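> Coordinates only, no sequence provided:
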Ligand code: 5GP
Ligand code: ZN
């Protein structure tokens with residue numbers, strides 16, 4: 001298995017988790033794009049958010065409830081969530097992950 005997020009989920013790579021439940025876990029992004037930049041992932045491998053919705057809708061919902069809780073823990077009054085799907089949209093790790101970004105203003109539309 002070469003998926004980096006599976007290795008993190010399987011604890012083959014030591015990581016500090018901000019949130020963990022039966023189905024999902026969260027950790028800081030290696031290259032943060034905002035003061036708060038957390039990745040929330042399903043523990044089970046799934047390529048992207050759409051596939052996760054089909055395979056395990058409860059896990060997809062839990063990515064959002066985890067993000068909401070982490071944002072509250074960090075005192076964010078607003079935050080952005082994003083999923084990149086496909087290389088052309090910027091996806092570089094093909095294990096579904098929700099980006100939780102906060103702590104600075106965000107432009108709309110995103111770049
Ligand atoms: P994507 O570009 O696929 O939407 O997002 C992948 C994210 O994973 C990027 O923001 C990148 O910084 C982050 N990332 C890639 N490898 C690692 C890693 O080994 N550890 C952590 N914590 N983040 C990673
Ligand atoms: Zn994986």
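Cool, got the structure. Bear in mind that the values here come from a model prediction, so they are computed numbers and not experimental data. Ligands and ions are numbered 1, 2, ... in the order given.
> ok, and residue 6, which helix or strand is that part of?
Residue 6 belongs to helix 4-9 when assigned by DSSP states H and E.
> Downstream of that helix, the next helix or strand is which one?
Heading C-terminal from helix 4-9 (DSSP H and E), you reach strand 17-20.
> Is that next one in proximity to ligand 1?
No - taking CB under 6 Å from any ligand atom as the criterion, strand 17-20 and ligand 1 are apart, separated by no less than 10.6 Å. (Each C-beta comes from the backbone N, C-alpha and C, glycine too.)
> Need the pLDDT of residue 2.
Looking at residue 2, its pLDDT is 91.
> how near is it to residue 109?
From residue 2 across to residue 109, the span is 34 Å (CB to CB, to the nearest Å).
> Please apply the same query to residue 31.
22 Å.
> now the biggest strand by length in the chain, how far from the centre of its chain.
Taking DSSP state E as the criterion, the chain has its longest strand at strand 36-42. Centroid separation for strand 36-42 versus its chain: 3 Å, with CA atoms, centre = their mean, to the nearest Å.
> Does residue 91 touch residue 48 like I think?
Yes - between residue 91 and residue 48 there is a contact at 6.9 Å, judged by CB atoms under 8 Å.
> Can you report phi and psi for the closest residue to residue 19 other than its chain neighbours?
The shortest distance from residue 19 to any non-neighbouring residue, by CB to CB, 6 or more residues apart in numbering, is to residue 26 (4.1 Å). Backbone dihedrals for residue 26, given as degrees, to the nearest 10, come out at phi -140, psi 150.
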